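1. Okay, predicted coordinates and the sequence, questions at the end:
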Amino acid sequence: MRKAYPSYQETNLGWLEEIPTHWSLGKLGACFAERNEKVSDTDYLPLSVTKNGIVPQMEHVAKTDAGDNRKKVCKNDFVINSRSDRKGSAGVSEQDGSVSLISTVLEPRFYLPRFAHHLFRSYNFQEEFYRFGKGIVADLWSTRYAEMKNIVVPLLPMDEQEAIANFLDRETARIDKLIAEKQSFIKLLKEKRQALISHVVTKGLHPNVKMKDSDIEWIGDVPEHWECVPLKRLVGFIEQGWSPECHSNTARDGYWGVLKSGAVNGGVYQETENKELPETQTPRPEIEVKQGDLIMSRASGSRELIGSAAYVYETRPRLMLSDKLFRLKCMKDVDPEFLSIALGSYPLRRQIELAIGGAEGLANNLSQANIKKLLLTRPPYDEQKLIVESLKVSLERYQNIISETQQSVELLKEHRTALISAAVTGKIDVRNQ
């Protein structure tokens, strides 16, 4: 248990509650000077304001024509995105550059830049920043400097700011290293799982079976009694969903919801990945997801997730397909569980990546026509069932370990968030740590 300060004073402020007695309070506008100089991105490096801080603008980011209509940023300036849908996108810039006009650029006067970086990226402050905003609806909510400057912030000695910044730099780096190690482990597990799937759905279960050349480069040799066919010979038809304007929350019990494309990420059906349908909208029961369905993602912000497919072992009622999802109706001699597994193999992923339309970061999608052209193996129906049963135990074991590791990553992220908030608001004393 980390020690607290000797004594505290109440602030009557929701985001601070109480602060050490030797700290004081002030308005944010007194601690910074707004930098509002317009510049060109040809003269000043374009920067992106992200949840990981201020970084050089990535190549795949869609560019605008407003190259001469950007805000100047100097090294050690604090920059925050004013829009609520970018909540948490903020940080101190390590270099000169330029950002879009929706960002607020502040030159620290009272705060050390490294302390400001942690304080204003903390969960508590982000919620207070959002509370001071204005807008018609949540998705269009924004907090401009005119409102932001009135937020009450803690004032503390410079040496204490430095101690807190040093502590958080050290501790967050340690936590980030643990998170990175766990994420690398998850990646390795997924690769091993995919390699197992790829081998079994192209070579079968029996090592001594007679093989033949499939004449397909990314499939290679297959059992002699298997076929290699386009997917259009395995499915009767492909059905697409519907994407009405929905609430942002997950559908409550008894309410209709629309599945998001992420409902099949990683080849696992996740019913909680949905948005609640407004009561003003009439549901479409004909596209309700049912147990035994095979669902495939046709579009996503990430190319690697497009084409993800999952078999629905069970689902809550009143969830509908979105227009970013397909439902594949299999022929009678095709087991949908086998097909869902095969669609996650290396040979299929390679074909899907080549079939995706759209530039990186833009409207990536997989058309029905291209899905039907995908080439894959078709073992006899009984063998499909045997392959599924054989793989189930191994795949479940992999998924359990992946899920447990992902949960530990989330706990580390929560601990990181709580630690930052506690340190910058005076809940813990780190001056001698």
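-> Received, thanks. This one's a predicted model, so the numbers in the text were calculated from it and none came from an experiment.
2. A strand includes residue 269, no?
-> No: under DSSP: H, G, I helix; E, B strand; the rest coil, residue 269 falls outside any strand and is assigned coil.
3. And it, how far from residue 164?
-> 44 Å (Cβ to Cβ, to the nearest Å). All C-beta spots, glycine's among them, are computed from the backbone N, C-alpha and C.
4. what sits opposite the nearest residue to residue 269 once chain neighbours are set aside in the beta ladder?
-> Once flanking residues are discounted, residue 269 sits nearest to residue 310: 4.1 Å by Cβ to Cβ, 6 or more residues apart in numbering. On the basis of DSSP bridges, residue 310 is bridged to residue 295.
5. Let me know whether residue 310 touches residue 273 as I believe.
-> No: with contacts counted by Cβ atoms under 8 Å, residue 310 stays clear of residue 273, the gap being 10.7 Å.
6. Overlap in contacts, those two.
-> By the contact definition Cβ atoms under 8 Å, 6 or more residues apart in numbering, residue 310 and residue 273 are jointly contacted by residue 263.
7. Could you list the low-pLDDT ranges of this structure?
-> Applying pLDDT under 70 to the chain flags the ranges 1, 59-67, 84-85, 136-140, 358-363.
8. which residues in it form helices?
-> 28-31, 113-119, 123-131, 145-148, 158-203, 336-342, 346-355, 368-373, 381-424 (DSSP state H).
9. Turn those into JSON lines, columns for mean neighbour count and distance to residue 15.
-> Conversion of the helices of the chain to JSON lines gives the following (neighbours: other Cβ atoms under 10 Å; distance: least, Cβ to Cβ, whole Å):
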{"stretch": "helix 28-31", "mean neighbour count": "17", "distance to residue 15": "12"}
{"stretch": "helix 113-119", "mean neighbour count": "23", "distance to residue 15": "11"}
{"stretch": "helix 123-131", "mean neighbour count": "18", "distance to residue 15": "4"}
{"stretch": "helix 145-148", "mean neighbour count": "16", "distance to residue 15": "13"}
{"stretch": "helix 158-203", "mean neighbour count": "16", "distance to residue 15": "17"}
{"stretch": "helix 336-342", "mean neighbour count": "24", "distance to residue 15": "46"}
{"stretch": "helix 346-355", "mean neighbour count": "18", "distance to residue 15": "45"}
{"stretch": "helix 368-373", "mean neighbour count": "16", "distance to residue 15": "49"}
{"stretch": "helix 381-424", "mean neighbour count": "15", "distance to residue 15": "9"}
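10. Quick check: which of the ones you listed is nearest to residue 20?
-> Nearest to residue 20 among the helices of the chain is helix 158-203 (8.9 Å), distances taken as Cβ to Cβ.
11. now that closest one and helix 346-355, what's the angle there?
-> 110 degrees (axes from the mean of the first three to the mean of the last three Cα atoms, to 10 degrees).
12. helices or strands up against helix 158-203?
-> If contacts are counted by 3 or more Cβ pairs under 8 Å, 6 or more residues apart in numbering; DSSP states H and E, helix 158-203 sits against helix 113-119, strand 221-223, helix 336-342, helix 346-355, strand 375-378, helix 381-424.
13. Please tell me how far the second one is from the chain's geometric centre.
-> Taking the mean of its C-alpha atoms, strand 221-223 sits 38 Å from the chain's own mean (Cα atoms, centre = their mean, to the nearest Å).
14. Check the longest one too.
-> On the basis of Cα atoms, centre = their mean, helix 381-424 is displaced by 15 Å from the centre of the chain it belongs to.
15. List the contacts of residue 185.
-> residue 405.
16. From residue 201, how far out is the residue nearest to residue 209 when sequence neighbours are not counted?
-> The shortest distance from residue 209 to any residue other than its chain neighbours is 4.8 Å, reached at residue 223 (Cβ to Cβ, 6+ apart). Remark: distance between residue 223 and residue 201 (Cβ to Cβ) = 11 Å.
17. shouldn't residue 270 be in contact with residue 261?
-> No: applying Cβ under 8 Å, one finds residue 270 not in contact with residue 261, separated by 11.1 Å.
18. coming back round to it: closest to residue 44 out of the helices of the chain?
-> Closest among the helices of the chain, once you apply Cβ to Cβ, is helix 113-119, at 18.7 Å.
19. Show me where the stretch 201-350 of the chain has its strands.
-> Along the stretch 201-350 of the chain, counting by DSSP state E, counting those that start in this stretch, strands occupy 211-213, 221-223, 227-230, 235-240, 257-259, 274-276, 294-297, 309-311, 319-320, 325-330.
20. which of the ones you listed is buried the deepest?
-> strand 257-259 (a mean of 27; mean count of other Cβ atoms under 10 Å).
21. For that strand, name the packing helices and strands.
-> The contact analysis (3+ Cβ pairs under 8 Å, 6+ apart) places strand 257-259 against strand 274-276, strand 319-320.
22. Same list, these, but as TSV with distance to residue 380 please.
-> Putting the helices and strands packed on strand 257-259 into TSV (distance: least, Cβ to Cβ, whole Å) gives the following:
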stretch	distance to residue 380
strand 274-276	37
strand 319-320	34
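23. Among the ones you listed, which comes closest to residue 207?
-> Per Cβ to Cβ, nearest to residue 207 of the helices and strands packed on strand 257-259: strand 319-320, 41.6 Å.
24. Residue 381 touches residue 331, doesn't it?
-> No: using Cβ under 8 Å, residue 381 is not in contact with residue 331; the gap is 9.8 Å.
25. So which of residue 270 and residue 261 has more stuff around it?
-> Neighbours were counted for residue 270 and for residue 261 using other Cβ atoms under 10 Å; residue 261 has more, 23 against 15.
26. and that one, what is it in contact with?
-> So residue 261 contacts 297, 298, 299, 300, 305, 322, 324, 325 (Cβ under 8 Å, 6+ apart).
27. swap in residue 345?
-> With Cβ under 8 Å, 6+ apart, residue 345 has these contacts: 194, 197, 198, 201, 202, 376.
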